[in-house]
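*Asks:* pasting the sequence and the predicted model now:
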Amino acid sequence: MMPDAGPAAAWLRARLTPLRLVIFDCDGVLIDSEPVANRVTAAEISRLGYPMAATECAERFLGMSLADMCRVIPAEFGIVLPPGWDRLLASALVAALAREAALMPGAEAALRGTSALGLTWRVASNSGVAELAAKFACVGLAGLVADRVWSAETVIARGGHGKPAPDLFLAVADAAGVEPAACLVIEDSLAGIRGARAAGMGCLGFCPRGAEAPLVAAGAVPLHELAGLPDLLRLAMDGPR
């Protein structure tokens, strides 16, 4: 049986606009980088005098851009960030992820299978440009994703915002010449799902560990594994049936 043959398949078959562009989140969808990033970020925050565990870091900052984190930390934790702390954290993340990033199960097959369908795809992430390059190089996919990766860092530099704002997703769609209704986003975070929905895009909420309720409440349709994703995408390519 096709994975997610129930709600995801039915929902994709019923799409009114044929699918033309698939937008993948990176962390937690394609690359298993979040445990490393949470550990490094928690350590850097702890050095500022606010002891933080990696679990607390994951709960508070999942899917958030570094720029947004640097606004939230002083406001919510009362921490004064020293000048250049954002660059220090970014460098620490790049160094760790260049060594420790790992592929999520089925990620490479999902990307290659999407290409085999003739669908355009992109990666859209709140991670920085250098961090994304380090992660994809570490897992051996730099060539596959070349010229397909978008960072919120680039959108923010142009006056936009990272997820949960829709700006990143809309920029990706605009550059590809695809209307939002013809896009599908694969996300695992509430920030990403909210951004996709605000952009007018359908969203599959990736929940390999089964914790789908918060993702569904945010407007996503659950997806539990990547292995069968190309078969599901095929259902959405010709309009409703």
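*Replies:* That came through fine.

*Asks:* buried residues, stretch 18-34. List them.
*Replies:* The neighbour-count check on stretch 18-34 (16 or more other CB atoms under 10 Å) flags 19-34 as buried. Where C-beta positions appear, they are placed from N, C-alpha and C, glycine not excepted.

*Asks:* out of those residues, who's nearest R60?
*Replies:* R60 lies nearest to E34 out of these, by CB to CB, at 12.7 Å.

*Asks:* now that closest one: how far from G202?
*Replies:* For E34, the distance to G202 equals 24 Å [CB to CB, to the nearest Å].

*Asks:* how about G228?
*Replies:* 17 Å.

*Asks:* the nearest residue to L235 once chain neighbours are set aside: neighbouring residues, count only.
*Replies:* Leaving aside its chain neighbours, L235 sits nearest to L12 (4.4 Å; criterion: CB to CB, 6 or more residues apart in numbering). Neighbour count of L12, defined by other CB atoms under 10 Å: 21.

*Asks:* and C203, that's in a strand?
*Replies:* Yes: judged by DSSP: H, G, I helix; E, B strand; the rest coil, C203 forms part of a strand.

*Asks:* using CSV, write out every CA atom in the helix or strand hosting the residue nearest to L235.
*Replies:* For L12, the host element (DSSP states H and E) is helix 7-13. The C-alpha trace of helix 7-13 is given here as CSV (Å, rounded to 0.1, in the frame of the first residue of the first chain):
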residue,chain,number,x,y,z
PRO,A,7,-5.7,11.5,3.8
ALA,A,8,-2.6,12.6,1.9
ALA,A,9,-3.5,10.7,-1.3
ALA,A,10,-7.1,11.9,-1.2
TRP,A,11,-6.1,15.5,-0.6
LEU,A,12,-3.5,15.5,-3.4
ARG,A,13,-6.0,14.0,-5.8
